[in-house]
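S.K.: Need coordinates for the following:
(chains A and B)
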Amino acid sequence: MNIAWDAFTPWTSLAGGALIGLAAALLILGSGRIAGISGIVGGLFRPAPGDTGWRIAFVVGLLAAPLVWGLFAALPVVQSDAGTATLVVAGLLVGVGTRYGSGCTSGHGVCGLSRLSPRSLVATLAFMGAGFVTVYLVRHLAGA
Amino acid sequence: MKTFIALLAGLVLGIGLLLSGMANPAKVIAFLDLAGAWDPSLALVMGGAIAVAFPAFTWAKSRTVAWSGERLQLPTARQIDAPLVLGSLTFGVGWGLAGYCPGPALVSLGMASQPAIVFVVAMGVGMAAHALLTRPKA
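M.R.: Numbering: from 1, shown residues only, chains lettered A, B, ... in the order given. Coordinates of the predicted model:
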């Protein structure tokens, strides 16, 4: 294993993580809901009365984050070199997979592990394992 | 109250994703690339998030009502079944292919990032397909 120390950002990653945890804490204690992005967005595809407004507000908050950030500092670089076909396939897999799997990085990886849920531990190991294997196959075996 | 809390939580979460580096697909892929020049930063994102969320959820477990007065809804499913495992594996493949998971994709959409637009539309189609395939029979 070869660690890219020049790319390693321990303090901002730790602080950003703490903010993510703070948001999850706020939503569960303040509003009684799990801060799982796939669950919150996915619920919009099966709207129930009185259960839609908060979901939209949460998504608006996420979308507005770069705008608010931009008022105070230059935005960090987001770089994707994936082609359109890859993005479409990846988006479909993430959309279907997170809904059947009942969660994503936030719902299982942060909230689920924080409440010591065995289901979330299994899900997190599964998606992280699949992510490691996929990147290995694409980057090192397919030579892309 | 519920709407305001959700808006604030979404905003704080989005800023956390930006600060942590998680909103950058290239950094996510560098984290998932154990055999390449590995960037371990994102392990610390999860560590930092759990360090703050763990006490909150521990407290939440002893409560039935949230500050807003609403019922505190912790997940009740306990079974480790095929949809959980296969769905999560499927998600992981998509995550590894493009480096986007749902939250960062939405934050990048807020930056009008071209790849994020394509990804989020496809993700919405995937979620809609799930809703259609699992809809309660009338």
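S.K.: do the lowest-mean-pLDDT helix or strand in chain B and chain A meet?
M.R.: Lowest by mean pLDDT, DSSP states H and E among the helices and strands of chain B is strand B:37-38, with a mean of 94. Yes. Contact between strand B:37-38 and chain A, assessed by Cβ under 8 Å from any Cβ of the partner chain, occurs at B:37-38. Placement of C-beta: from N, CA and C, glycine included.
S.K.: low-scoring pLDDT stretches of chain A, where are they?
M.R.: Low-confidence regions of chain A, defined by pLDDT under 70, span residues A:143-144.
S.K.: Pairing partners for the least confident helix or strand of chain B, with directions?
M.R.: Pairing partners of strand B:37-38, with direction, according to DSSP bridges: strand A:2-3 (parallel).
S.K.: Off-centre distance for the strand it pairs with?
M.R.: The chain centroid and the centroid of strand A:2-3 are separated by 24 Å, computed with Cα atoms, centre = their mean, to the nearest Å.
S.K.: so where do the helices sit in chain A?
M.R.: With DSSP state H, the ranges of helices along chain A come out as A:10-31, A:37-42, A:53-72, A:84-100, A:113-114, A:118-136.
S.K.: Make CSV from those helices and add distance to chain B to it.
M.R.: Shown next, in CSV, are those (distance: least, Cβ to the nearest Cβ, whole Å):
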stretch, distance to chain B
helix A:10-31, 3
helix A:37-42, 4
helix A:53-72, 2
helix A:84-100, 2
helix A:113-114, 4
helix A:118-136, 3
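S.K.: Adding mean neighbour count, write the ones you listed out as JSON lines.
M.R.: Formatted as JSON lines, these follow (neighbours: other Cβ atoms under 10 Å in any protein chain shown):
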{"stretch": "helix A:10-31", "mean neighbour count": "23"}
{"stretch": "helix A:37-42", "mean neighbour count": "26"}
{"stretch": "helix A:53-72", "mean neighbour count": "19"}
{"stretch": "helix A:84-100", "mean neighbour count": "24"}
{"stretch": "helix A:113-114", "mean neighbour count": "22"}
{"stretch": "helix A:118-136", "mean neighbour count": "20"}
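S.K.: Export those helices as a markdown table, with columns for distance to B:Leu133.
M.R.: Rendered in a markdown table, the data for these read as follows (distance: least, Cβ to Cβ, whole Å):
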| stretch | distance to B:Leu133 |
| --- | --- |
| helix A:10-31 | 28 |
| helix A:37-42 | 12 |
| helix A:53-72 | 21 |
| helix A:84-100 | 9 |
| helix A:113-114 | 28 |
| helix A:118-136 | 20 |
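S.K.: Spatially, what comes nearest to B:Ala77 if we skip its sequence neighbours?
M.R.: Of all residues beyond its chain neighbours, the one nearest B:Ala77 is A:Arg119 (6.2 Å), with distances taken as Cβ to Cβ, 6 or more residues apart in numbering or on different chains.
S.K.: what does A:Leu44 give?
M.R.: Skipping the residues right next to it in sequence, A:Leu44 comes nearest to A:Arg55 by Cβ to Cβ, 6+ apart, at 5.4 Å.
S.K.: In contact with that neighbour, which residues are there?
M.R.: When the contact criterion is Cβ atoms under 8 Å, 6 or more residues apart in numbering or on different chains, the partners of A:Arg55 are A:40-41, A:43-44, B:6.
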